[in-house]
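Engineer: how does the following fold in three dimensions:
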Amino acid sequence: SIVPELLGCEYGATPLRHLLTMSSGVAFRETYDGRDDSAGLSRLTFGGQSAGGVAVPPFFNTRIAAPGRQWNYASAETFVLALALRRAIGRPIADYCAEKLWQPLGAEADASWLIDRSGLEIGFMGFNAVLRDYGRLAMLLAAGGQHGGRQLLPQAWLAEMTRPHFTGAQTGRWFGYGYQTWIFPAAEGGFALLGVRGQAIFVDPSRRLALVHTAVRADARDPGGADLAALWRGVKRHV
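Structural biologist: Numbering: from 1, shown residues only. Here you go, the predicted model:
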């Protein structure tokens, strides 16, 4: 196990590929009503109500399905992925991202990342960057992971990351789901990185096109995402 402290915990018994696709089978309710599991996760991490790191996953320890059987959006899965990545690389994730992405991309400003009490980057939230640097990251994804003649992201990984491991019918949403990415229906092509309260990156590699949208909507369930998707379709029609 990459994180031996999680042995005996349901998340510790979940393969990484099922964490990547939000299909651990561990119960987690994410409705953004202030009383759901995502609110509890926030309190345990950046709210400082736990020691952070390996102390967090055991709070969510009820299995309702075998790994890989059903999709359920759960920010806890991204937190566990960050914990596993931190152990695998043996250094802060922010330092790793700076070396592998931010510096090679020529980012114009430092990014920042919230950490919990253990010093772990909170993988499911708290990453902040200026708009143009988000644009640089988006265009890297649109260009198949290449920048300045260098392959910064493995092509095989991008292909696996952006294929629909779960369809829209399986997620119950318009999008399908890949590795921590939302996948547009096949007829439209492309994929999206969607944050809460309106933050979004839309990518269409076939056109080498990307759109970055920043927002801080008062209601996390604001339906304005439909307008943004319509804007994206309109842009693609005229490019």
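
Engineer: give me the nearest residue to the residue most central in space within the chain, chain neighbours excluded.
Structural biologist: Centroid-nearest residue in the chain: Gln180, 4.4 Å away (criterion: Cα atoms, centre = their mean). Leaving aside its sequence neighbours, Gln180 sits nearest to Leu20 (Cβ to Cβ, 6 or more residues apart in numbering; 6.0 Å). To be clear about C-beta, it is placed using only N, CA and C from the backbone, and glycine gets the same treatment.

Engineer: show me the contact partners of stretch 62-79.
Structural biologist: 10-11, 13-15, 17-28, 30, 37-38, 41, 45, 56-57, 60, 122-125, 166, 170-171, 177, 180 (Cβ atoms under 8 Å, 6 or more residues apart in numbering).

Engineer: quick one: buried residues of that stretch?
Structural biologist: 67-68, 71-79 (16 or more other Cβ atoms under 10 Å).

Engineer: what about it, how long is it end to end?
Structural biologist: End-to-end distance for stretch 62-79, by Cα to Cα, to the nearest Å: 17 Å.

Engineer: stretch 11-23 too?
Structural biologist: Start-to-end, stretch 11-23 (Cα to Cα) is 11 Å.

Engineer: helix/strand/coil for the residue lying closest to Gly25 once chain neighbours are set aside?
Structural biologist: Spatial nearest neighbour of Gly25, excluding adjacent residues (Cβ to Cβ, 6+ apart): Ala65 at 3.7 Å. Per DSSP: H, G, I helix; E, B strand; the rest coil, the local secondary structure of Ala65 is coil.

Engineer: show me the shaky parts of this protein.
Structural biologist: Across the chain, the ranges flagged by pLDDT under 70 are 223.

Engineer: so if we follow the domain assignment, how does it break up?
Structural biologist: 1-124, 130-237 (automatic domain parsing).

Engineer: still on that earlier bit, Throw together a PyMOL command that grabs the buried residues out of the contacts of stretch 62-79.
Structural biologist: With 16+ other Cβ under 10 Å as the criterion, this PyMOL line picks the buried residues out of those:
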select buried, resi 10+11+14+18+19+20+21+22+23+24+25+26+27+28+30+37+38+41+45+56+57+60+122+123+124+125+166+171+177+180
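
Engineer: for Glu77, see how far away the residue nearest to Gln180 is.
Structural biologist: Distance of Leu20 to Glu77, computed by Cβ to Cβ, to the nearest Å: 8 Å.

Engineer: tell me where this structure has strands.
Structural biologist: 112-113, 127-128, 146-147, 150-151, 176-177, 182-183, 191-194, 200-204, 209-213 (DSSP state E).

Engineer: report all helices and strands that the third one contacts.
Structural biologist: Counting contacts by 3 or more Cβ pairs under 8 Å, 6 or more residues apart in numbering; DSSP states H and E, strand 146-147 is packed against helix 131-142.
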